[in-house]
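J.: Predicted coordinates and the sequence they were generated for:
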Amino acid sequence: MATVRQVTQTLTQKGIEFLLASFVEMSGASKAKLVPATHLNDLVAEGAGFAGFAAGEMGRGPHHPDIIAIPDLDSLTVLPWRRNVAWLASNVNVDGKPWDYCPRTILMRMRARARKLGCVFKYGVEPEFFLVRKTDHGIEPADPLDTLAKPCYDQQTLSRSLDFLTTLLTSLQELGWDPYANDHEDANCQFEINWRFSESLTTADHHTFYKYMVRTLAEQRGLTATFMPKPFARLTGNGAHFHMSLWDAKTDQNLFLNEKDPNGLSKMAYHWIGGLKAHAKAYIAVTAPTVNSYKRLIVGAPRSGATWAPVYISYGGNNRTQMLRLPGPGRVEDRTVDGSSNPYLAATVILAAGLDGIARKLAPGKQNDRNLYEVPVETLKREGIELLPSTLDEALDELEQDEVILDAMGRDYAQAYIRVKRDEWKRYHNSVSAWEVENYLGVH
């Protein structure tokens with residue numbers, strides 16, 4: 001745990017003059033106050049005050065006292081593009097106590113449950129994003145030459161974005177995150193940057209800061225970076241896949257690793273898979289939390305311009321048509337998570353589902369190694385392979401009935417989350433789209 005004295009020395013050594021005391025609300029949007037570094041002691045002792053009602057979905061009305069953001073000094077992150085400013089992830093307190101509507105606090109509570117069981121949840125994330133330009137008619141890919149039908153990994157297409165990408169990679173290296181694989185993704189002007197996995201809270205903090213950094217670097221170039229799950233109907237959407245494992249809290253050994261198993265997985269890992277499968281219909285309301293999320297989760301052929309997203313509740317080897325992929329020994333990939341998810345809440349519900357599977361020793365079922373995009377839905381249903389919800393509304397129905405996920409989120413917070421998301425669905429359902437006008441204007 002970093003001390004105020006240590007952080008003060010760091011601020012002086014690095015010439016940091018200002019601090020962003022930051023927290024996220026329900027949607028994952030970051031909120032912050034800019035505090036002079038000379039007031040670090042005040043910030044740590046008293047926190048930064050915010051009008052909770054104005055700060056987003058934080059369970060506060062205009063008549064309530066302020067919410068207070070208490071910084072986590074271990075999260076201190078210098079802005080690579082503005083080195084006299086540093087970011088601090090914070091937890092929200094109300095009346096001197098942790099606030100149940102703080103997503104970071106919710107993850108920390110679930111994380112503590114895992115530690116009591118002797119486990120540490122670690123994961124890495126693959127956050128995809130598009131670079132786009134805003135036009136009078138909406139948005140378009142930022143690079144007008146990025147028009148290939150199959151642009152994934154294309155070197156020439158990647159090279160035209162080297163200025164942006166190398167700036168981003170240099171920033172990640174400067175932060176010490178160890179970025180190791182970076183590419184042009186499956187859609188035009190879509191990219192993915194990967195960095196080394198960490199303990200869950202650290203990864204969620206990094207993911208939150210990463211989104212802020214990518215958007216900022218794009219804005220500096222007159223562009224918009226979007227993590228929206230499906231910004232273009234004809235192109236692949238933005239996932240944020242989790243690569244997960246549990247580690248022994250005392251020995252730091254990977255509890256998912258068994259080199260004698262064909263997939264390199266332990267019995268615990270298979271029970272984890274069983275838990276994720278058992279709760280997938282409910283927790284997807286959090287890992288795919290928007291109306292737009294379910295336009296990514298559609299059946300489609302595995303080719304550029306279609307979808308690489310899961311539809312069926314299944315697991316398989318190194319097979320991207322499965323919800324749960326086994327890309328290598330000692331880890332499991334969850335492909336339900338998309339770019340609109342709140343990193344803290346997504347990690348919370350997945351951890352809860354996996355731990356429940358371990359506690360109840362849930363069997364994962366039969367491994368599926370087929371190309372599920374090419375198997376008829378009726379065939380899979382006959383085999384007992386279930387589909388994920390097809391809309392946010394359906395996912396919320398499932399969430400309302402899942403005691404494990406509701407408890408992980410906290411009952412009051414979960415009910416608030418469901419209310420907010422029901423309203424989002426209602427507003428979408430009550431809107432009239434251009435497609436409807438085009439198809440029904442002349443109806444008889």
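T.: That came through, no problem.

J.: Just the CA trace of the helix or strand harbouring Ala32, in CSV.
T.: Element membership of Ala32 [criterion: DSSP states H and E] is strand 30-36. Output of strand 30-36 as CSV, limited to C-alpha atoms (Å, rounded to 0.1, in the frame of the first residue of the first chain):
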residue,chain,number,x,y,z
SER,A,30,-15.4,8.4,-15.5
LYS,A,31,-16.1,11.5,-13.4
ALA,A,32,-13.3,13.6,-11.8
LYS,A,33,-12.2,16.7,-10.0
LEU,A,34,-8.8,18.3,-10.7
VAL,A,35,-6.9,18.8,-7.5
PRO,A,36,-3.6,20.7,-7.2
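
J.: Sort out which residues of it are buried, please.
T.: 30-33, 35 (16 or more other CB atoms under 10 Å). For every residue, glycine as well, the C-beta is placed using N, CA and C.

J.: pLDDT added to the residues you listed, as a markdown table?
T.: Converted to a markdown table, the buried residues of strand 30-36 look like this (pLDDT from 0 to 100):
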| residue | pLDDT |
| --- | --- |
| Ser30 | 97 |
| Lys31 | 97 |
| Ala32 | 98 |
| Lys33 | 98 |
| Val35 | 98 |
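
J.: Val4: how many residues sit nearby?
T.: Per other CB atoms under 10 Å, the neighbour tally for Val4 reads 13.

J.: With Thr202 as the reference, measure out to the residue nearest to it when sequence neighbours are not counted.
T.: Spatial nearest neighbour of Val4, chain neighbours left out: Val44 (5.5 Å); criterion: CB to CB, 6 or more residues apart in numbering. According to CB to CB, to the nearest Å, Val44 and Thr202 sit 20 Å apart.

J.: One more: Lys230?
T.: To Thr202, Lys230 is 29 Å away according to CB to CB.

J.: Out of those two, name the residue with the larger neighbour count.
T.: Neighbour tally, Lys230 and Thr202, criterion other CB under 10 Å: the higher count belongs to Lys230, 23 against 15.

J.: Flag every buried residue along stretch 154-162.
T.: By 16+ other CB under 10 Å, the buried positions in stretch 154-162 come out as 157-158, 160-161.

J.: Nearest to Met268 among those residues?
T.: Distance to Met268 across the buried residues of stretch 154-162 (CB to CB) is lowest for Leu158, with 38.7 Å.

J.: Show me the shaky parts of the chain.
T.: Low-confidence segments of the chain (pLDDT under 70): 300-307.

J.: just so I have it, where are all the helices in it?
T.: Remark: helices assigned in the chain by DSSP state H are 4-14, 40-46, 103-116, 155-159, 162-175, 200-219, 267-287, 343-359, 377-382, 392-400, 403-409, 411-429, 434-440.

J.: and the last one, C-alpha only, in CSV?
T.: Okay, so that is helix 434-440. Taking C-alpha atoms only, helix 434-440 is exported to CSV below (Å, rounded to 0.1, in the frame of the first residue of the first chain):
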residue,chain,number,x,y,z
ALA,A,434,-35.0,5.2,-40.1
TRP,A,435,-35.4,1.5,-41.0
GLU,A,436,-39.0,1.6,-39.7
VAL,A,437,-39.8,4.7,-41.7
GLU,A,438,-38.2,3.2,-44.8
ASN,A,439,-40.0,-0.1,-44.6
TYR,A,440,-43.4,1.0,-43.2
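
J.: Now Met213. Nearest residue, chain neighbours left out?
T.: Nearest one to Met213, counting by CB to CB, 6+ apart, is Ser171 at 6.4 Å.

J.: Report how many residues lie close to that neighbour.
T.: 20.

J.: before we move on, what about Ser431?
T.: 9.

J.: and the gap between it and Thr147?
T.: Separation of Ser431 from Thr147 (CB to CB): 31 Å.

J.: What of Ala37?
T.: Separation of Ala37 from Thr147 (CB to CB) stands at 47 Å.

J.: who has more neighbours, those two?
T.: Taking neighbours as other CB under 10 Å, Ala37 and Thr147 compare with Ala37 leading, 18 against 11.
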